[in-house]
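Enquirer: build me a model from this:
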Amino acid sequence: MSKWFANYRQEWIGNFIDDNYYINRQVLMEKFDIGGAQATRDITLFRKRNPELKLEYETSFKKYITINYYTTIALQKYAAHNSNKR
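Expert: Down below sits the predicted model:
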């Protein structure tokens, strides 16, 4: 595979995490039609290049998540709870 395509996947991973606060192999495999081993290498490289994101693998969800993942879920639950009170 070309270096351009590998760099594009790295950029895409960053954008996906910005929007969704997680990434996993399945997302990459479906989006880019790549195998599981390549998806794992891409995530490993992304984590190495971006240690400040502190992506941690959550075994119960089978995805790498950021702290913002939990914050977003909590805020959504709070908003839903408060909208029901009106």
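Enquirer: what about this protein, any weak spots by pLDDT?
Expert: Scanning the chain for pLDDT under 70 picks out 1, 69-78, 81, 84-86.
Enquirer: for it, which segments count as strands?
Expert: 22-23, 56-58, 63-65 (DSSP state E).
Enquirer: got these as a markdown table, with mean neighbour count and distance to Ile43 columns?
Expert: In short, each C-beta sits where N, CA and C put it, glycine included. Converted to a markdown table, these look like this (neighbours: other Cβ atoms under 10 Å; distance: least, Cβ to Cβ, whole Å):
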| stretch | mean neighbour count | distance to Ile43 |
| --- | --- | --- |
| strand 22-23 | 22 | 6 |
| strand 56-58 | 13 | 9 |
| strand 63-65 | 21 | 6 |
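Enquirer: what would these look like in CSV with distance to Ala39?
Expert: Putting these into CSV (distance: least, Cβ to Cβ, whole Å) gives the following:
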stretch, distance to Ala39
strand 22-23, 9
strand 56-58, 13
strand 63-65, 11
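Enquirer: of those, give the one that comes closest to Lys48.
Expert: strand 63-65 (12.6 Å; Cβ to Cβ).
Enquirer: quick one: the helices in the protein?
Expert: 3-20, 25-32, 36-49, 67-83 (DSSP state H).
Enquirer: can you put these in TSV and add distance to Leu55 and mean neighbour count?
Expert: Formatted as TSV, the helices of the chain follow (distance: least, Cβ to Cβ, whole Å; neighbours: other Cβ atoms under 10 Å):
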stretch	distance to Leu55	mean neighbour count
helix 3-20	7	13
helix 25-32	13	16
helix 36-49	5	15
helix 67-83	10	11
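Enquirer: got these as a markdown table, with distance to Glu56 columns?
Expert: Formatted as a markdown table, the helices of the chain follow (distance: least, Cβ to Cβ, whole Å):
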| stretch | distance to Glu56 |
| --- | --- |
| helix 3-20 | 12 |
| helix 25-32 | 15 |
| helix 36-49 | 10 |
| helix 67-83 | 9 |
